Structure formats: structure tokens, C-alpha cells
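1. Structure for the following, please:
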Amino acid sequence: MDPHLLRTYVTVARLASFSEAARELGYTQSAVSQHIAALEQDLGAPLLTRRPVAPTAVGERLLEHAGPLLLRLDAARADIVRMAATPAPGLTLATTPTAIGPGVLAALPPSGVTLRVLTRAEIPAAVATGAAGLGLVDGLAAPSDPLRLPDVAPLTTHGVAEEPVSVVLPAGHPLAGRSGLRLGDLGDARWLDAPDAALPLAQLRAAAGGGAFRSALRYEGTDLRTLITLAAAGHGLTLLPRSTATGLPGTVAVPLTAPRVVHCTELLHGGSPGGAAAETIRRLVESP
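-> Residues are numbered from 1 along each chain as shown. Presented below is the predicted three-dimensional model:
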């Protein structure tokens, strides 16, 4: 399967337009049509309806395969380029908003760093394709257990930090005076669904072995200030690493006592980084 034809197909399906895809890819509309026809002939099945432009059932299945396939190709190219190139003087670090703890900040070079806050799903791909030299991902895990990360490319992972987690409640919440809370007792509470700012509800359900963990409000963003404002206003509870949750205005952070889970942060990189990336890895992973 020709990856150039596959990229054209993915673009047409995403934009639902041959002309818009041609504009984005820098092709003529005729060339885009020829690419789609060639791919359909190669696979022996129609991939798109034309009016309107939309994937067929076969086309939908191809889209499921196309993302990982194209990402692997991009990762392979980035890995080879990284091996052949002289290390750049600066460092681009992709991170979630809750992965930047005091130890990470102390390990960063004094200058030349670009910090890029992304969603958890975007970070492995950014590192694999060379958009970021290093990545920091985080999540809930049992103590000393690794995180479950998508298999987007051959990436190296290092455990960087573990810390307890706290439930963030409005200051006037009935549970705000507790010394500790069990996650299993909070399954029916109102929660903020903020998968890219807080610890995701899916991870809470898995850690608690079930429970509703109903979303009262969904926040699609990475800004912690917005998340805390929503929690303080009573729109729902949220779970954060202890160092992040402590001292937030209008809220109380109550330690999670059961189950025994921690906020885990891992460092990702591809190949054999050099320059500022290698020094940052050394400080984060090899330093006592």
C-alpha cells in the first residue's frame, strides 16, 4: 500500500472534500482524485462516497489502520534523521500540565527550553515524530508499576517520580474536613471530566474496580487554573497529584487513602538523544 496514497485518503476523509484536501496537500484536485482511485483499485473496494464525500464501511476500517501506520512511518523517518543529525542546542519538552513537578523543573537546562503542554495522547506521537525531543506523561498506577502507553514507536521510558494523590473539593464541601477519602466511596459523586488536565475518569474507574464516576461537567483543555476554578465553584470533584492539589484557592485537598495508587510520571525519548536532551535525561534519571 503506497503511503502517499494513504495520506491523501486520510486527508480527504478528514476534510470531507477533494478540493480542500488538494489545497492542504498542495496537489491539484485531479491528482487527489487519481490517488483515491488508485488506492481503491489496489484494495479492490470503494473507500469514499462522492456526494457527500464520506468514508464507506471499508473506508472507516482503513482509517482505523491508517493512523498508526502513518505515525510509524513518521517515527521511522524522525529516528533516522535524529541519528544522522548533529544535536540541536535547545530542547523541546512535551508535557502534561500535571507532570511538571519540582524535580522536573530543577532538571531543566537554564536556557534554550521550549515547554509544550499537550494532551496525554499527543505526547508519545510528538516524541516519536521528532516534534519534541523529550516527553513527560503521567497517570494513576500502583506503586512501582509502569504506565500503560500507546505503542506508537520504539520509545524508551524512564520512571521519573511517584507521589500520593488527593481529591480536590470546594472549601465548603461536606467531605472537606475528612483526613482521608476512599475512592470507592466517591463513585456516585459529581466529578469533573477533564482528561487532559486532571487524572482521567477512566483511570479512576479502573483503580476503583468499577463505580459510576459520573461526569457533571466536561472540560476539554489543559489549563489547571480553569480546572481549579470549576472545582472551587462546585461543578465537580477532581483528582490531582498532592504537590499540585495543595493550597489551591477556594478548594481543599483531601488525601486519597484507598486504593493504594500513586501519581506516576514517566520520561519518554526515542533513539539516543544528545545535547540538552541527554543532559536533562541524566539529571532526571541518573542523578541520586
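
2. Quickly find the element holding Arg7.
-> helix 3-15 (DSSP states H and E).

3. Next secondary structure after the helix or strand bottoming out on mean pLDDT in the chain?
-> Lowest by mean pLDDT, DSSP states H and E among the helices and strands of the chain is helix 57-84, with a mean of 83. Downstream of helix 57-84, the first helix or strand assigned by DSSP H and E is strand 91-95.

4. Against which helices or strands is that following strand packed?
-> strand 113-117, helix 122-128, strand 134-141, helix 275-281 (3 or more CB pairs under 8 Å, 6 or more residues apart in numbering; DSSP states H and E). All C-beta spots, glycine's among them, are computed from the backbone N, C-alpha and C.

5. For Thr11, find the nearest of these.
-> Comparing the helices and strands packed on strand 91-95 against Thr11 with CB to CB, the closest turns out to be helix 122-128 (17.1 Å).

6. Going by neighbour count, list what's buried in the next helix or strand after the helix holding Arg7.
-> Counting by DSSP H and E, the next helix or strand C-terminal to helix 3-15 is helix 18-25. Burial within helix 18-25, assessed by neighbour count using 16 or more other CB atoms under 10 Å, is assigned to Phe18, Glu20, Ala21, Ala22, Leu25.

7. Spatially, which residue comes closest to the last one, not counting chain neighbours?
-> Distances taken as CB to CB, 6 or more residues apart in numbering put Thr11 closest to Leu25, at 5.9 Å, once the chain neighbours are dropped.

8. Which pLDDT value belongs to that neighbour?
-> pLDDT for Thr11: 94.

9. Let the chain start at 10 from now.
-> All right, first residue 10 from here; so that's Thr20.

10. Next one: the residue lying closest to Leu78 once chain neighbours are set aside relative to Pro64, how far apart?
-> Spatial nearest neighbour of Leu78, chain neighbours left out: Leu15 (6.9 Å); criterion: CB to CB, 6+ apart. From Leu15 across to Pro64, the span is 13 Å (CB to CB, to the nearest Å).

11. Do I have it right that Val19 meets Glu73?
-> No: the pair Val19 / Glu73 is not scored as a contact, 11.2 Å apart, by CB atoms under 8 Å.

12. who's more crowded, these two?
-> Val19 (18 against 8; other CB atoms under 10 Å).

13. Show the contacting residues for that one.
-> Leu72, Ala75, Gly76, Leu79 (CB atoms under 8 Å, 6 or more residues apart in numbering).

14. Report the secondary structure state of Leu277.
-> Recorded secondary structure, Leu277: strand (DSSP: H, G, I helix; E, B strand; the rest coil).

15. Any idea what the nearest residue to it once chain neighbours are set aside is bridged to?
-> Once flanking residues are discounted, Leu277 sits nearest to Gly144: 4.0 Å by CB to CB, 6+ apart. Beta-bridge partners for Gly144, by DSSP bridges, are Ala103, Leu277.

16. Okay, strands next: where are they in the stretch 110-259 of the chain?
-> Counting by DSSP state E, counting those that start in this stretch, one finds strands in the stretch 110-259 of the chain at the ranges 122-126, 143-150, 164-172, 174-179, 190-191, 200-202, 224-227, 247-250.

17. Over to the residue nearest the centre of the chain: give its phi and psi.
-> The centroid of the chain falls nearest to Arg129 when counting by CA atoms, centre = their mean (1.4 Å). Arg129 adopts backbone torsions of phi -60, psi -40, taken as degrees, to the nearest 10.

18. Wait, it touches Pro204, no?
-> Yes: contact criterion CB under 8 Å: Arg129 and Pro204 qualify, at 7.4 Å.

19. Sketch out the low-pLDDT regions of the stretch 10-159 of the chain for me.
-> Counting by pLDDT under 70, the stretch 10-159 of the chain shows low-confidence ranges at 91-98.

20. again, only this time at 90
-> 10-13, 59-60, 76-99, 110-116, 118-120, 130, 137-140, 153, 157-159 (pLDDT under 90).

21. hmm, back to that, can you tell me which of the buried residues of helix 27-34 is nearest Gly112?
-> Gly112 lies nearest to Leu34 out of the buried residues of helix 27-34, by CB to CB, at 43.2 Å.

22. Thank you, goodbye.
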